[in-house]
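# Any chance you could fold what I've pasted below:
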Amino acid sequence: MKRRLLLLLLPIGFLGVALFFYHGLSLDPSQRDSVLLARAFPSFDATTLEDPERRVDASLITGEVTLVNVWGEWCPACKQEMPQLLSLADEGIRLVGVNYRDTREKGREFLAEFGNPFEVNIFDPEGALGFDLGVYGAPETFVVDAEGVIRYHHKGYISPSDVQSRILPEVAKWR
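Numbers count the residues shown, from 1 in each chain. You can find the predicted model right below:
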């Protein structure tokens, strides 16, 4: 009797575990909200892409609403979104770049070719700051309020429609 019950429960248990894993594998992790929302921008100490002697830290992100854009020369979508970032900078929105998992030379070449909308570029060749931000890959953009608190996280490419429907409203909300 116990053996028959065990033989009956074993496939049911296996089916339950299989359904649990199937559901988990079907989720898109990039659609999750950032765990950093409403938290302070992570502390860091890094050099800038432009000047290896200049050091910056999290105080760079305070004082006014700032878009922090994580990008890399190796990233095709970063090239696509550059016109939108340039137009945001032209509108007076402060942008800080995080040159993510790149070389200094390639990052500089990218900006020379596609334009530089950033007030400063934090150089993150090992991806340490990107890791602290929970970055899945470039591009990713964060709206950070004047106190240095992350208020919005945009995963992936910023399209022209995203500028109007998401980015500008978020910046306006926190100004």
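# Spatially central, which residue of the chain would that be?
Central residue check for the chain by CA atoms, centre = their mean: the C-alpha nearest the mean position is that of residue 140, 3.0 Å away.
# who's in contact with that one?
Going by CB atoms under 8 Å, 6 or more residues apart in numbering, residue 140 touches 69-70, 133, 153-156. (Each C-beta comes from the backbone N, C-alpha and C, glycine too.)
# what's the closest of these to residue 164?
Residue 164 lies nearest to residue 154 out of these, by CB to CB, at 13.1 Å.
# Would you check how far apart the closest one and residue 93 are?
Distance check for residue 154 against residue 93: by CB to CB, to the nearest Å, it reads 13 Å.
# quick one on the thing from earlier: what two of the contacts of residue 140 have the greatest distance between them?
Within these, 133 and 156 form the most distant pair, 14.3 Å apart (CB to CB).
# Within the sheet, what are the partner strands of whatever helix or strand residue 97 lives in, with directions?
Using DSSP states H and E, residue 97 maps to strand 94-100. Sheet partners assigned to strand 94-100 using DSSP bridges are listed as strand 66-71 (parallel), strand 120-124 (parallel).
# for the record, mean pLDDT for that strand?
The average pLDDT for strand 94-100 rounds to 98.
# next helix or strand past it?
Proceeding N to C from strand 94-100, the next assigned helix or strand is helix 104-114, under DSSP H and E.
# name the helices or strands packed onto that following helix?
Judged by 3 or more CB pairs under 8 Å, 6 or more residues apart in numbering; DSSP states H and E, the packing partners of helix 104-114 are helix 76-90, strand 120-124.
# Go through the ones you listed and name the closest to residue 172.
Across these, closest to residue 172 is helix 76-90 (CB to CB), at 12.2 Å.
# Name the spans of the chain whose pLDDT lies under the cut-off.
When residues are selected by pLDDT under 70, those of the chain lie in 1, 5-11, 13-35.
# Next, residue 162: secondary structure please.
Put simply, residue 162 is helix when judged by DSSP: H, G, I helix; E, B strand; the rest coil.
# which residues does the spatially closest residue to it that is not a sequence neighbour bridge with?
Spatially, and ignoring its direct neighbours in sequence, residue 162 is nearest to residue 154 (6.9 Å; CB to CB, 6 or more residues apart in numbering). Legend: beta-bridge partners of residue 154 under DSSP bridges are residue 141.
# Residue 165 is in contact with residue 154, correct?
No: taking contacts as CB atoms under 8 Å, residue 154 lies outside contact range of residue 165: 10.9 Å.
# who's more crowded, these two?
Between residue 154 and residue 165, counted using other CB atoms under 10 Å, residue 154 has the larger neighbour count: 19 against 11.
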